[in-house]
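Visitor: sequence and predicted structure below; questions after.
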Amino acid sequence: MSTSLIRGKYILCAARRDGVEMLEDAAILQRDGKIVAIGKYALLKGEHRDAPELGTNEHLVMPGLVNAHHHIGVTHPIAGCMDDALELWLAEVWARRDVDPYLDTLWGAAQLLRSGVTTVMHNVVRWILPSGDALVGVTDAVLRGYRDAGMRVAYSIGMKDQNLVTYGSDEQFLRSLPTILAAELEKQIKGSMSATEYLALFEELHRRHGIAAGDRVRLLLSPSNVQWASDPLLQDTKALAARLSVGIHMHLSETRYQGLYAQRTYGKSAVAHLAELGFLGPELSCAHGVWLSDEDIDRLAAAGSTVCHNPSSNLRLKSGIAPVQRMLSRGLPVALGADSSGINDDQELLQEVRLAAALHRGIGHDAPRLAPADLLRMATIAGAKACRLEEKVGTLEPGKRADVVLVNLDRLTDGLGPSELPVAELLFQRGRDRHIDAVLVDGEIVCAEGKPTRFDACGVVAELRSRFAKPRAPHEEQRRAIAHALRPYVREFYRGWH
């Protein structure tokens, strides 16, 4: 039986309605990965003198962070494609080099762990979904990567069964292209998985990974977005989620072009259309939500759904700034994700917290801001809800799993001594991955002093470097050529939409 005390000068237990619940000079007693007790350090130490001790009275102890929207490890600029407005960028992503999914997962896990992330929502997105056998292999590799890193993961594969290239008919778009380019693109589109195949694949993956996955894995369904998912796919997804008691994760109202698509196609917003289909519910989490109206927010809040906010990605892809203050004021849970596109092109979630705090301060003397409790909730329990893990993680309290981050208080102030600010304010104003001494999952140290403990991060870098040093394979060159040739035609497709 594994037992330990996790000690801190401060323990941020949870975000409550009236603020951050915090204990001073306290400790957590964990046994076999489960939090058994939290209380004064002296009392718990006296009762458990033989228990190994982690942390000191120079540490801030907080719940493991949850990155509630994530796609890849090796970021797009490294793999060969740059940012742009989302609709143009989606074509550019085809120029991305192939990266082994296991190595890619470990690369991303190293960055996530360094920044205090213990749980991640990993959504596989492909323009053209390959065969089921290929996706089973990808899934096995990604989940093995997170298992080897010691992390929790909510895993999904995004499905598109219409409008694969633009927000319109693929057949009509192909007719707008030069003959050779149209023929090359049509070959790719014809290989895409059908909705029926996707749902059958999910049931197979659920049998392999979801039924007895324990506390470390959740499998989610993921129709990618309303413009990419037909109504039958959405309805069948909802029915399968109910039958298997699993969650649903999708992109929603990310750009104004997506909002225009919904109005053109349904005569109403995407959220209104989903509500009409009976698709909304507590099992649904929606990434982005930049262009939600007050009515949309009210519908999502009433249904118990969650929005996953991605401030860096929304800025980098010219999508806009989500109405987070309005979401929170109307009771809509908001989680936080880096979307594999952090402002520094990394996965550092504490920096994403700080960017969210800066973006949503309002203008003027009386403008509201996101309080520390709001930020802590977004980075922990709201993300855990989106991942269907809120009963296990997201707060530090008896009965939860011991997913814990130890922040070095001295380094948090650059060695200048205690700050006069409340410690939660200080954390979200200054916290960076370099301030984190250790990250624990189920009471086990999985990252110490910025280095994962369960795999060789330097070895992963060396292997990826070796593979990137090789020339692109012919199929990678073909994809890049198609992506670059498509760009002006994609731009022309959206001309005049405003």
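Guide: Structure's in. What do you need?

Visitor: contacting residues around Ser293?
Guide: 269, 271 (C-beta atoms under 8 Å, 6 or more residues apart in numbering). C-beta coordinates here come from the backbone N, C-alpha and C atoms, glycine included.

Visitor: what does Gly259 give?
Guide: 253, 269-270, 291.

Visitor: ok, Tyr266 next?
Guide: Here Tyr266 is in contact with 272-273 (C-beta under 8 Å, 6+ apart).

Visitor: ok, 6 Å please
Guide: His273 (C-beta atoms under 6 Å, 6 or more residues apart in numbering).

Visitor: what is the burial count for Pro130?
Guide: Neighbours of Pro130 under the rule other C-beta atoms under 10 Å: 13.

Visitor: please apply the same query to Lys187.
Guide: Lys187: 12 neighbours (other C-beta under 10 Å).

Visitor: repeat for Ala301
Guide: 18.

Visitor: please settle this for me: is it part of a helix?
Guide: Yes. Checked against DSSP: H, G, I helix; E, B strand; the rest coil, Ala301 lies within a helix.

Visitor: roughly how far does it sit from Asp374?
Guide: 15 Å (C-beta to C-beta, to the nearest Å).

Visitor: touching, Tyr155 and Val120? I think so.
Guide: No. Using C-beta atoms under 6 Å, Tyr155 makes no contact with Val120, being 9.0 Å away.

Visitor: between these two, who's got more neighbours?
Guide: Val120 (30 against 24).

Visitor: could you find the closest non-adjacent residue to that one?
Guide: Once flanking residues are discounted, Val120 sits nearest to Asn67: 4.6 Å by C-beta to C-beta, 6 or more residues apart in numbering.

Visitor: and if you look at Tyr146?
Guide: Tyr146 sits nearest to Val153 (C-beta to C-beta, 6+ apart), 4.3 Å away.

Visitor: ok, Glu92 next?
Guide: In space, Glu92 is closest to Cys81, 4.7 Å off (C-beta to C-beta, 6+ apart).

Visitor: cool, Ile28 as well?
Guide: Nearest one to Ile28, counting by C-beta to C-beta, 6+ apart, is Ile6 at 4.3 Å.

Visitor: any idea of the mean pLDDT for the helix or strand in which that neighbour is found?
Guide: In this assignment (DSSP states H and E), Ile6 forms part of strand 3-16. For strand 3-16, the mean per-residue pLDDT is 97.

Visitor: so what are the sheet partners of that strand and their directions?
Guide: Sheet pairing of strand 3-16 (DSSP bridges) gives strand 19-31 (antiparallel), strand 53-54 (parallel), strand 59-63 (parallel).

Visitor: in JSON lines, list those along with distance to Arg388 and mean neighbour count.
Guide: Converted to JSON lines, the strands paired with strand 3-16 look like this (distance: least, C-beta to C-beta, whole Å; neighbours: other C-beta atoms under 10 Å):
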{"stretch": "strand 19-31", "distance to Arg388": "23", "mean neighbour count": "20"}
{"stretch": "strand 53-54", "distance to Arg388": "28", "mean neighbour count": "18"}
{"stretch": "strand 59-63", "distance to Arg388": "17", "mean neighbour count": "27"}
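
Visitor: could you dump the ones you listed to TSV with mean pLDDT and distance to Arg430?
Guide: Putting those into TSV (pLDDT from 0 to 100; distance: least, C-beta to C-beta, whole Å) gives the following:
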stretch	mean pLDDT	distance to Arg430
strand 19-31	97	16
strand 53-54	96	23
strand 59-63	98	11
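
Visitor: can you convert the ones you listed into a markdown table and add a column each for distance to Arg316?
Guide: Formatted as a markdown table, these follow (distance: least, C-beta to C-beta, whole Å):
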| stretch | distance to Arg316 |
| --- | --- |
| strand 19-31 | 30 |
| strand 53-54 | 37 |
| strand 59-63 | 27 |
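
Visitor: out of those strands, which gets nearest to Gly364?
Guide: strand 19-31 (24.0 Å; C-beta to C-beta).

Visitor: hmm, who's touching stretch 219-233?
Guide: By C-beta under 6 Å, 6+ apart, stretch 219-233 touches 123, 154-156, 158-163, 167, 195, 202, 206, 209-210, 234, 237, 241, 246-251, 261, 270.

Visitor: same thing but 7 Å
Guide: The contact list for stretch 219-233, computed with C-beta atoms under 7 Å, 6 or more residues apart in numbering, reads 123, 125, 154-163, 167, 195, 202, 205-206, 209-210, 234, 237, 240-241, 246-252, 258, 261-262, 270, 273-274, 277.

Visitor: helices of the stretch 1-150 of the chain, start to end?
Guide: Along the stretch 1-150 of the chain, the stretches classed as helices by DSSP state H, counting those that start in this stretch are 41-47, 76-79, 86-92, 101-114, 132-149.

Visitor: save those as CSV, and put in distance to Glu348, mean pLDDT and mean neighbour count too.
Guide: What follows is the helices of the stretch 1-150 of the chain, written out as CSV (distance: least, C-beta to C-beta, whole Å; pLDDT from 0 to 100; neighbours: other C-beta atoms under 10 Å):
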stretch, distance to Glu348, mean pLDDT, mean neighbour count
helix 41-47, 30, 96, 15
helix 76-79, 15, 91, 17
helix 86-92, 21, 92, 19
helix 101-114, 7, 97, 25
helix 132-149, 16, 94, 18
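
Visitor: return the distance of Val405 relative to Glu449.
Guide: Where Glu449 is concerned, Val405 sits at a distance of 13 Å (C-beta to C-beta).
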